[in-house]
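In: Please find the sequence and the predicted model below.
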Amino acid sequence: MPETPLATTIYVPGRGCNINPDGSFTLSVSSLERAKTAANYFEEHRPLFETEKGLIVCSGGWSGLSGDLTEPPAEYREGHLMANVLRQEHVPEAFIFEEVVSDSTLESCIECQQAKLFTNINETHPLGIVTQKAHAARIKYFANKVFHLRSSQLQIIEAPGEEELAMRVTEALFYIGTLVMYGRAESTKELRRAEKRVENIARALHLKPAKLYANHASLPKPTSKAYTK
């Protein structure tokens, strides 16, 4: 059997941030693990990245569902913070791209699609997605929907963490809910309309972002206005 091709175009969606008492942001443990996993993957396959002019896309802005949180400055957004981890791990700037305006997993995919970051993906050049195993099904679902890629064109690069039974059960339930709420949506407009319905339900039920969007960590009420517009 032929060898499975290795991905050199890598998508690293954010998994949330924590707000510090001084108003600054730090990556959640899961986001940090994703960034470190991407950096380690790059180092392991560096010659291939250099030959194929690979790219690591760090994607994520903030939680749009949090009524207490408005757009933070760019330096406090998930994509930038994850990209900084790559820089600290000596990944050259030429291989890093930051997407910092999305406020959900769906919007992260849409922003990457509109930026035409993954147009080179095919059976022999898969898209690598860095995620914890528990969250992989939801991210692959949106990648199928937005990027119009088959499962055979996606390659999960597993980051450690989120192995607790409660987390795995919760993620499985979120995935079922995703299938129900977004299942009939095909176009970007339809997907965004479905997401708006999800947001309205969440706010009506007073759900925190972490309980609805699995890519966002639970955020405390802000104690500083440093990140507000």
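Out: That came in fine, so what should we check first?
In: Which residue ranges of the protein form strands?
Out: 9-13, 17-19, 25-27, 55-59, 96-99, 127-132, 154-159 (DSSP state E).
In: The third one pairs with which strands, parallel or anti?
Out: Here strand 25-27 is paired, per DSSP bridges, with strand 17-19 (antiparallel).
In: and the strands of the chain as JSON lines, adding mean pLDDT and distance to L205?
Out: Quick note: C-beta positions are derived from backbone N, CA and C, even for glycine. Formatted as JSON lines, those follow (pLDDT from 0 to 100; distance: least, CB to CB, whole Å):
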{"stretch": "strand 9-13", "mean pLDDT": "98", "distance to L205": "24"}
{"stretch": "strand 17-19", "mean pLDDT": "86", "distance to L205": "23"}
{"stretch": "strand 25-27", "mean pLDDT": "91", "distance to L205": "26"}
{"stretch": "strand 55-59", "mean pLDDT": "98", "distance to L205": "27"}
{"stretch": "strand 96-99", "mean pLDDT": "98", "distance to L205": "29"}
{"stretch": "strand 127-132", "mean pLDDT": "98", "distance to L205": "25"}
{"stretch": "strand 154-159", "mean pLDDT": "97", "distance to L205": "30"}
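In: Looking at these, which one is packed in the most?
Out: strand 9-13 (a mean of 27; mean count of other CB atoms under 10 Å).
In: Could you name the helices and strands sitting against that one?
Out: helix 29-44, strand 55-59, helix 105-114, strand 127-132 (3 or more CB pairs under 8 Å, 6 or more residues apart in numbering; DSSP states H and E).
In: Taking helix 29-44 as reference, get the angle to the last one.
Out: Computed by axes from the mean of the first three to the mean of the last three CA atoms, to 10 degrees, the angle separating strand 127-132 from helix 29-44 equals 140 degrees.
In: Same check on the third one?
Out: Using the same axes, to 10 degrees, one finds that helix 105-114 and helix 29-44 are set 30 degrees apart in direction.
In: I'd like to know which of the strands of the chain lies nearest to P72.
Out: strand 25-27 (6.2 Å; CB to CB).
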